[in-house]
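Student: Show me how the following folds:
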Amino acid sequence: MSKPGYKQVKRMTAFMRLNHWVVATCMVAAVITGLYIGHPYYQSFIADPAVNKYVMAWNRWIHFMVAIIFDVSSIVIAYLYFFSRFEKPILKLIPTPKNIMEFFEVLINLLTLNRRKKFDSSHADSFNAVFFFIFHVLLLWMLLTGLQLYVHGLESGLSSIGKWWPAMLHWATDWTIPASSWLVGGAMPTLMDVRIVHHLSMWLIIVWVVFHIYYQIWRTIFWKEGDIAIVVGGTKFVKEDKEG
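Tutor: Numbers count the residues shown, from 1 in each chain. The predicted structure is shown next:
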């Protein structure tokens with residue numbers, strides 16, 4: 001039930017909430033297993049050596065499975081950017097004067113601790129749209145560099161589903177080797193550059209997640225519109241004169 005003077009507005013569909021929690025769960029699994037793959041930091045807790053219990057193999061399998069889920073989620077999100085029937089995020093990314101002004105008003109609101117609030121918070125804003133676009137670009141980069149690392153395990157050019165699979169992965173991701181080398185300032189492009197960039201990108205995503213959680217709590221406290229509940233119930237509360 002909303003307070004007097006406030007109305008309940010829908011901010012996320014059931015699918016968007018489901019996708020959010022699937023991505024969040026997969027991210028936790030990807031970070032835990034990815035850190036183990038890069039540097040095995042725990043041993044199994046029974047007497048047999050870890051190698052006999054396929055601890056690394058299980059970590060690699062889980063890491064690969066959650067990466068596939070990320071793939072599917074990314075394709076769906078990319079579709080919704082343009083064709084969502086609820087909100088099309090692409091409309092907030094277009095650098096129109098209105099969107100640019102809204103972006104900086106939201107930023108000023110954050111920097112001034114809500115002392116100035118001259119935008120409508122009943123719908124998605126340009127600041128959040130840009131913020132989430134950065135996140136999706138980072139996810140895409142992680143997927144491409146991750147697949148580049150994966151395809152080098154298929155050195156024979158064969159896979160259980162045919163030659164087309166490794167060939168397609170090489171075609172789609174080989175460019176990440178020189179790109180990664182450029183990013184780390186390597187003298188000669190190597191697969192190690194991709195590993196380093198893949199690892200560093202993970203930390204950028206973790207920083208993004210920390211700020212995302214902080215900002216949702218911040219908005220809930222300062223705006224008093226129940227933003228933190230959006231990802232659970234799909235709605236928030238805004239003053240009646242702000243709806244629409």
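
Student: for Thr235, phi and psi?
Tutor: According to degrees, to the nearest 10, the main-chain angles of Thr235 amount to phi -130, psi 170.

Student: Let me know whether it touches Lys10 as I believe.
Tutor: Yes - applying C-beta atoms under 8 Å as the test, Thr235 and Lys10 come out as touching, 5.3 Å apart. Every C-beta, even on glycine, is put in place using the N, C-alpha and C of the backbone.

Student: What are the buried residues along the one helix or strand Val238 maps to?
Tutor: Mapping Val238 onto the secondary structure by DSSP states H and E places it in strand 235-239. Applying a neighbour-count criterion of 16 or more other C-beta atoms under 10 Å, the buried positions in strand 235-239 are Thr235, Lys236, Phe237, Val238.

Student: quick check, nearest of those residues to Tyr215?
Tutor: Here the nearest of these to Tyr215, counting by C-beta to C-beta, is Lys236; it sits at 14.2 Å.

Student: Please identify the buried residues of the top helix by length along the chain?
Tutor: Scanning the chain for the longest helix, with DSSP state H as the assignment, gives helix 191-223. Neighbour-count burial for helix 191-223, counted by 16+ other C-beta under 10 Å, picks out 193-198, 201-202, 205, 208, 216, 218-220, 223.

Student: circling back: got the angle between the strand holding Val238 and helix 191-223?
Tutor: Compare the direction of strand 235-239 with that of helix 191-223 by axes from the mean of the first three to the mean of the last three C-alpha atoms, to 10 degrees and you get 50 degrees.

Student: Partner strands of strand 235-239, with direction?
Tutor: Looking at strand 235-239 with DSSP bridges, its partner strands are strand 6-10 (antiparallel).

Student: helices or strands up against the helix or strand that the partner strand is followed by?
Tutor: Where DSSP H and E defines the elements, the next helix or strand beyond strand 6-10 is helix 14-38. Helices and strands touching helix 14-38, by 3 or more C-beta pairs under 8 Å, 6 or more residues apart in numbering; DSSP states H and E, are helix 55-83, helix 191-223, helix 230-233.

Student: which residues are contacting helix 14-38?
Tutor: Under the contact criterion C-beta atoms under 8 Å, 6 or more residues apart in numbering, helix 14-38 has outside partners 12, 41-42, 55-56, 59-60, 62-63, 66-67, 69-70, 73, 76-77, 86, 195, 199, 202, 205-206, 209, 231-232, 234.

Student: and with 7 Å instead?
Tutor: Contact with helix 14-38 is made by 41, 59-60, 62-63, 66-67, 69-70, 73, 76, 199, 202, 206, 231, 234, as judged by C-beta atoms under 7 Å, 6 or more residues apart in numbering.

Student: How about stretch 78-91?
Tutor: With C-beta under 7 Å, 6+ apart as the criterion, stretch 78-91 contacts Thr13, Ala124, Ala129, Phe132.

Student: can you pull the buried residues of it?
Tutor: For stretch 78-91, the neighbour count (16+ other C-beta under 10 Å) marks Leu80, Tyr81, Ser84, Glu87, Pro89 as buried.

Student: Dump the residues you listed to a markdown table, plus distance to Leu111 and pLDDT.
Tutor: Below are those laid out as a markdown table (distance: C-beta to C-beta, whole Å; pLDDT from 0 to 100):
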| residue | distance to Leu111 | pLDDT |
| --- | --- | --- |
| Leu80 | 30 | 89 |
| Tyr81 | 28 | 88 |
| Ser84 | 30 | 89 |
| Glu87 | 26 | 86 |
| Pro89 | 23 | 90 |
